[in-house]
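> predicted model and sequence follow; I will ask about them next.
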Amino acid sequence: MTCSLDFSWLRWKWRTQDGFSQSPSETTPLLSPETDRQSHNTAEQRVVYPNNSMCHQDWKKVCRRYPGNSICTTKYTLLTFLPQNLFEQFHRWANLYFLFLVILNWMPSMEVFHREITIFPLATVLLIIMVKDGIEDFKRYCFDREMNSASIQIYERKEQRYMLKRWQDVRVGDFVQMQCNEIVPADILLLFSSDPSGVCHLETANLDGETNLKQRRVVKGFSQPEVQFQPEHFHSTIVCEKPNNHLSKFKGYMEHPDQTRTGFGSESLLLRGCTIRNTEVAAGIVIYAGHETKAMLNNSGPRYKRSKIERRINTDIFFCIGLLFLMCLIGAVGHSLWNGTFKEHPPFDVPDADGNFLSLALGGFYMFLTMIILLQVLIPISLYVSIELVKLGQVFLLHNDLDLYDEETDLSIQCRALNITEDLGQIQYIFSDKTGTLTENKMVFRRCTIVGSEYCHQENAKRLEMPKELDSDGEEWTQYQCLSFPPRWAQGSTTMRSQGGAQPLRRCHSARVPIQSHCRQRSVGRWETSQPPVAFSSSIEKDVTPDKNLLSKVRDAALWLETSDTRPAKPSHSTTASIADFFLALTICNSVMVSTTTEPRKRVTTPPANKALGTSLEKIQQLFQRLKLLSLSQSFSSTAPSDTDLGESLGPNLPTIDSDEKDDTSVCSGDCSTDGGYRSSTWEQGDILGSESGTSLEEGLEAPTLSQDEPELCYEAESPDEAALVHAARAYSFTLVSRTPEQVTVRLPQGICLTFDLLFTLGFDSVRKRMSVVVRHPLTDEIIVYTKGADSVIMDLLEDPACESNIDVEKKLKRIRARTQKHLDLYARDGLRTLCIAKKVVDEEDFQRWASFRREAEASLDNREELLMETAQHLENHLTLLGATGIEDRLQEGVPDTIAALREAGIQLWVLTGDKQETAVNIAYSCKLLDQTDTVYSINTENQETCESILNCTLEDIKRFHEPQQPARKLCGHRIPPKMPSVNSGAMAPEIGLVIDGKTLNAIFQGKLENKFLELTQYCRSVLCCRSTPLQKSMIVKLVRDKLSVMTLSIGDGANDVSMIQAADIGIGISGQEGMQAVMSSDFAIARFSHLKKLLLVHGHWCYSRLARMVVYYFYKNVCYVNLLFWYQFFCGFSGSTMIDYWQMIFFNLFFTSLPPIIFGVLDKDVSAETLLALPELYKSGQNSECYNLPTFWVSMADAFYQSLICFFIPYLTYRGSDIDVFTFGTPINTISLTTILLHQAMEMKTWTVLHGLVLLGSFLMYFVVSLIYNATCVTCNSPTNPYWVMERQLSDPTFYLICLLTPVVALLPRYFLLSLQGTYGKSLISKAQKIDKLPIDKRNLEIQNWRSKQRPAPASASASASAPATGTVHTRPPCHPVPPEAQQNFGASTSKSSGPPRQKHVEDRVLQDPRCSREHSRDDTCTVDTLAKLSSGECLLDPNRTVAPTAYSRGQKDVSRHSSKGSHRRSQSSLTI
Amino acid sequence: AMNYSAKDEVDGGPAGPPGGAAKTRRPDNTAFKQQRLPAWQPILTAGTVLPTFFIIGLIFIPIGIGIFVTSNNIREIEIDYTGTEPSSPCNKCLSPNVTSCACTINFTLKQSFEGNVFMYYGLSNFYQNHRRYVKSRDDSQLNGDPSALLNPSKECEPYRRNEDRPIAPCGAIANSMFNDTLELYLVANESDPKPIPIPLKKKGIAWWTDKNVKFRNPPGKESLEEKFKDTIKPVNWHKAVYELDPEDESNNGFINEDFIVWMRTAALPTFRKLYRLIERRDDLHPTLPAGQYFLNITYNYPVHSFDGRKRMILSTISWMGGKNPFLGIAYITIGSISFLLGVVLLVINHKYRNSSNTADITI
């Protein structure tokens, strides 16, 4: 609690200091030079004057207002520590309560204990927390000091040169010069880079964990690398935003003395905390310093969440307060009554100091307060401290679990929220992201389509099928290669391979990095041990096996180039040109950086020597011109394959060959057959060409020979898709050799390097969903726009075929489009991520006009984003479709297994993804989220009424199936208990899956249909939300969490999951490849999805059961102990007297009985990890809060009452009427209650280790030792009453031992007996599992198998039926439910989203045949697969894994849908108008 | 710098030593960290707990019988001399006019008391454990601290000072000290009416540590009277603290054993306090032979204000102290119950074993 407090406080402090306004309101037109220099609104903008001789006066004036760069993250100073810390601690109401009691105790008439004594427990608790806070703060202080005193080169005005100074001396406006590998001390505007192109490379791992290098560019007009930057010559004023926490947003302009302005953005800002890489020297001017840097403003500390158990505790504490109140009331009334029995004041009724007696009522009131003090322990003060300690222990064990450690990334689980470990054991709903969470987020190029022809890359698919270990097992592969390749090939590839493996990348870390060396070192260790040095470049991603058909075509292009004189131009060459364009686009249209392995990430920025271009350059030029001609003039009609061709091409084994290209293929078929297996992507194209057409291409071959000794190229991509595409292009010998901001160099299959001038890069953003590059072709001098993006977007931007004058061209374009779309749909169905590639040729004039617009937009300060967007839209239109790619994102290891286990554990799993519906559904099938036998309802609509009626229909439909078994459910209305769907008995009723998309969600949220939706989802085994935005994701999580009041867990890896992660009770981030944003906002970070299984099933269960039982025990303990005092009140006239010495009472809670519960809470295991993993059902005990709920609380309360009665009254009856004195009477009571409480604990422990035993015994012995010492030494120390020699006296009395033997036995006998009965007859899963645990290993496995088969007969049969798909699973269809006309009309609509006109009829037929029946059991996409399968009976497009007979899929389907008038389904819609 | 520390947290744990470049964050594979400590997992079932119940039964019943027998062998007699009944000889002392009153109660011992006999006075309904009463004392003063003697603790209020002089011993406990005098006479035989006084030992009734450590007279060589000269006696007392036992210097002042015994406040409202010891004379004669006795009482202590009773108790003791029938009965009862439960569990276990032969889980 305190932690969260101070962080938020800290942020608040800094925000309030600078007003935190981010929107500059200056409304002057773009770059208008009229503005007065002095009119800068410093309240809304930041003005920075350079600190050089020229502007020193201005600088001095302004700089005073900006904070320096020294940082202070400590909360306290030496002086303020005590008051401030105390103040914060008393924010906790428990502390306040105890403070209140202390104050109460100081009032003489209510003084129960010594005044000083009551402070003791509170002081102890406060002190512990204070020490903890102090240590934390001191650590921060040391770190701050270290940071502040780090050295950096600052420009000194007087000396006119850079001087080495400390970080804290950096002021806003200073010029700072940084060397390679230095850390940026403040937010600095880059003005100089030693890089010739004015680029500075940054590593931002400190900020967001991303390890790929980022580029920052020198502000325009300052990029003159040959001239050393002179701070003295810098006279401009910098105007920019106020400090804010947007890491990627920054804009501002520079006002030069001549009143002109230069705009700049975040691409020129070096953020504090980043590391300069690959750039010798960079210099810049400080814009933000210290706490105003974006990195500092972005800091959010660990989060504080309140766990379910804590909420439970709080309610129980209210019960305790009620109990306390009752007991105090009894005391007060009793005291008054007792006092009333005396006619006169007896000698033992002592008047107050003045000799007055209190009236009965006042006496009663005072007694009430006195009793509160006396019985205060009923509210367990130590519970909070103990819980915190226990959670620390649990987190420690979590951190150290080997099973949650990922070798590959060298990461074990990270617990960022320390106080919700036990919530892991109570999860009922999991919301999961798909990409990167269920899947590896390792994008692998899988297949592509180019101008309508599909290349299915079967070898590539086979490669991906290979088990993962083989990927890295070089030796086996070498053998395999040796067998299947000609020796030369094998040699080539193995050498390349070993080269790559033997030289792991090392980053150079100069000794000059003064701070954080340990951090760096650690990450170095990480690189060396495991991960590939560059993101997205594991071998699985890099090595793409080319499709032999496509390869042959690529070669064909080269071949044809050579022999073009002898052969007539063939129509197929237009395809060839497109193929070349396609691969060029793959290679160029991205932001991938190239580096080599040899140097410390030395970036390849200069194109290799141009000697390669000698003679062949001309030929290439010819080629391109010819290709261009061809592509324009060739009519497509002759080449376009007919539908039957397409069917063939989808056939299982037929290669995809256009009919008139067959002879070309046959030329190289012999060769193709040999390369059926694996081929490393690192092969050099010289090898290929040499192997097949060495003679004809000799000239071309000479050029690339230098590549043999050239080091391996590494691609550093910002997104995995880009890397995958570049690697794919490379497999086809279109190699990206270097990239600079101005130029891209590509090596063509011919071995020639072409250098394109990079005119513009329109980066990817999530709104446009595409990126483009504008390049100037070096040979044809054309300006070409290459665009790649989501198919839905690109398809809309294509040139309209109807505008084409030539009817043939129009037809051709249409056909390409239709076929590509079909392929895209197939890809999506296969779970592939699709990207469309398109190009456009722009003429010079248009381009120049556009370019000037663009520059203006880039320089504008205000609505810059919109302007940029607009300019981008102006360029990205009328594109020519080149093709599309399908990238596979493989499922992570163990995902289906984990999902199955989680589901067995009674957890509902929802997948919320931004992906396409088809992709998502297919991933859902492949990860067993949906079963083949499931009924899948998909709802796609935008209209609220439709949505409502669909929901109603579906509900009715489902209810008809499920209602009869569960009549009781109606009582609950739509708030059905969450576990209901799993209860549904009868293997007859299939499980239900629901697929819903973002638009429908919108309709649901807007139409207040949440309750209906939730009711529907209650019946569903799994819910899949596609195309959902981050906001929707979090809304769903909140909806489920609040409306169903269930425990939710969100897991995701990307920035788009952050809101969802934060909305859930537990947020889990996957520390994957997409940076650290998800991790930063999560409560736990794990390395892979499969870790979730052990995290929840084992650790969650343990943490929950441990903590829950500890909490129950704590309540029991306190009530049991406090009640002893209460009973005594009946025998002391309700005077608030105690028979136990105060110190011993305090020690009792603080020392004698505190350690065992903590050890218990950290270490106890009710069931072993193996059994928990094998029987996920055991998790349900946590979900149902079996260990700690109201009944268990009251049972333990009752037990506490009983035990305290026994512990009090057995000594009472024994000593009644004897000469026993107060403390002598209390000592045996104290002893037996200690014994009872410890033995009770012992009975609660399910696992005894040496530690448990030692702690229990130690506590017991400590009691005696401490008591003996205390009783022996304290003669008058505890005046006026003291227990001198009482313990010693008791220990010599046989009666004491007799009582100590008898009482615990009597107190614990009922519990012991009942526990043994429970153990014998107990039907709870946990007790069964415990028994299984005791069995020897082989027997245990047998039992577990028995159990599983007994518990789940239904899934077993389901899997059996799945294996025999053609027969058993066709369910009898119930009569159809009444459908509102409107909805009915739409039913057929979305059944086919993809088929071209020929398919449509079929779909319609189908719908007509069975028009009213919508309840069927099938996959969502059956129709298309069905129809396609009939035509092609092919599996080429299907993953080989799923070569199930088509009938398996064609069990019909229900697809409630509505025309979506926008977005991705638009094209299909047009073909489906009825 | 916060971001770096945040990063540290993300990375998990403190940073490794700078030199250990090749260090991974792989957790140690130790039994403790992997939670694989060798453990004993007891499961409470009918079968496993059976022996416990029988063992408890077997141990407790003999113990209980032993205690019961021992307790029954203890001779004890209680004489109530409150005098509220009109027939009682002490009834006359109840009237408030009587300042000093003596009465005599006759009683008969049917069996002789062997060994050392303890003479107690018993009070009932006297809440010596009342919170404010218990605290109303100054242990430092009683421990002989000269400064506390003259300046008693505030806890003693309102019995702290009287007539501007500190009260010694201060406080309500001391003020309300029991001051009846009890004397025991044996009527030797019917013919000889001259009673034989039973020798009552005043010393040895308090705890040794109380007498020698906790309670001390103020230091100094002078006489007790001199030591206490600046103090005043408690309000209710008839004589000063240094006059409690004028005959014996070592039993006078704060270390007077009657006083010490009184100052050890009783835990329960009905209590007895050791008054005198009757020591065993020899093995041949019982300490208190059976016969007629009479008790001479100097009736000073008023109990009628709180409906109290006053008793005189004579008791012998055993190894386990005074008469205590409860403990023995409790042991026997619990032992029997435990045995019975054991039998029940045996049946349950037998049944369960039979039924679980068909079930799959057998332990």
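Perfect, thanks for sending it.
> how about residue A:1344, secondary structure?
What DSSP: H, G, I helix; E, B strand; the rest coil gives for residue A:1344 is helix.
> so for the longest helix seen in chain B, mean pLDDT?
Ranked by number of residues, the top helix in chain B under DSSP state H is helix B:325-356. The average pLDDT for helix B:325-356 rounds to 89.
> helices and strands around it, which ones?
Applying 3 or more CB pairs under 8 Å, 6 or more residues apart in numbering or on different chains; DSSP states H and E, one finds that helix B:325-356 contacts helix A:1190-1215, helix A:1294-1321, helix B:46-73. (Each C-beta comes from the backbone N, C-alpha and C, glycine too.)
> how far off helix B:46-73 does it point, in degrees?
Using axes from the mean of the first three to the mean of the last three CA atoms, to 10 degrees, the inter-axis angle of helix B:325-356 relative to helix B:46-73 is 160 degrees.
> domain ranges for chain A?
A:48-69+A:170-297, A:77-151, A:383-399+A:1103-1349, A:445-463+A:535-608+A:634-679+A:710-884, A:930-1007+A:1364-1474 (automatic domain parsing).
> and those as TSV, adding mean pLDDT?
Output for those, formatted as TSV (pLDDT from 0 to 100):
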stretch	mean pLDDT
domain A:48-69+A:170-297	80
domain A:77-151	81
domain A:383-399+A:1103-1349	89
domain A:445-463+A:535-608+A:634-679+A:710-884	71
domain A:930-1007+A:1364-1474	49
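> possible to save the ones you listed as CSV with mean neighbour count and distance to residue B:29?
Putting those into CSV (neighbours: other CB atoms under 10 Å in any protein chain shown; distance: least, CB to CB, whole Å) gives the following:
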stretch, mean neighbour count, distance to residue B:29
domain A:48-69+A:170-297, 21, 27
domain A:77-151, 16, 29
domain A:383-399+A:1103-1349, 21, 13
domain A:445-463+A:535-608+A:634-679+A:710-884, 20, 26
domain A:930-1007+A:1364-1474, 18, 36
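> any low-confidence regions in chain B?
Counting by pLDDT under 70, chain B contains low-confidence residues at B:1-23, B:98, B:190, B:192, B:355-363.
> helices of that one, start to end?
Going by DSSP H, chain B shows helices at B:2-11, B:46-73, B:131-135, B:139-142, B:146-150, B:172-175, B:208-209, B:224-227, B:257-263, B:325-356.
> I'd like those written out as a markdown table, with mean neighbour count added.
Formatted as a markdown table, the helices of chain B follow (neighbours: other CB atoms under 10 Å in any protein chain shown):
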| stretch | mean neighbour count |
| --- | --- |
| helix B:2-11 | 20 |
| helix B:46-73 | 18 |
| helix B:131-135 | 24 |
| helix B:139-142 | 26 |
| helix B:146-150 | 17 |
| helix B:172-175 | 25 |
| helix B:208-209 | 14 |
| helix B:224-227 | 17 |
| helix B:257-263 | 22 |
| helix B:325-356 | 17 |
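> residue A:1066 contacts residue A:1086, correct?
No. Residue A:1066 is beyond contact range of residue A:1086, at 11.6 Å (criterion: CB atoms under 8 Å).
> residue numbers of the stretch 201-350 of chain B in contact with chain A?
B:207, B:209-210, B:213-214, B:236, B:264-274, B:305-308, B:319-322, B:324, B:326-327, B:330-331, B:334, B:337-338, B:341, B:345, B:348-349 (CB under 8 Å from any CB of the partner chain).
> run the last query once more with 6 Å
For the stretch 201-350 of chain B, the contact set with chain A under CB under 6 Å from any CB of the partner chain comprises B:209, B:213-214, B:264-268, B:270, B:272-274, B:305-306, B:320-322, B:326-327, B:334, B:341.
> just to revisit the earlier point, what's the closest of the domains of chain A to residue B:286?
Ranking those by proximity to residue B:286 (CB to CB) places domain A:383-399+A:1103-1349 first, at 23.4 Å.
> which of the three states applies to the residue lying closest to residue A:782 once chain neighbours are set aside?
Excluding its sequence neighbours, the residue lying closest to residue A:782 (CB to CB, 6 or more residues apart in numbering or on different chains) is residue A:841, at 5.3 Å. The local conformation at residue A:841, judged by three-state DSSP, is strand.
> quick check: bridge partners of residue A:841?
residue A:784 (DSSP bridges).
> can you check residue A:429 too?
residue A:908, residue A:1048.
> that one: neighbour count?
23 (other CB atoms under 10 Å in any protein chain shown).
> show me what contacts it?
A:908, A:1040, A:1046, A:1048 (CB atoms under 6 Å, 6 or more residues apart in numbering or on different chains).
> so how far is residue A:1068 from the last one?
Put plainly, it is residue A:1048. Applying CB to CB, to the nearest Å, the value for residue A:1048 to residue A:1068 is 11 Å.
> which one's more surrounded, these two?
Shown here are residue A:1048 and residue A:1068; by other CB under 10 Å, residue A:1068 has more neighbours (29 against 26).
> partners of that one in the sheet?
residue A:1051, residue A:1084.
> now it: how far from residue A:890?
Applying CB to CB to residue A:1068 and residue A:890 gives a distance of 21 Å.
> and the helices and strands packed on helix B:325-356: which comes nearest residue A:1245?
So among these, helix A:1294-1321 is nearest, using CB to CB, at 11.8 Å.
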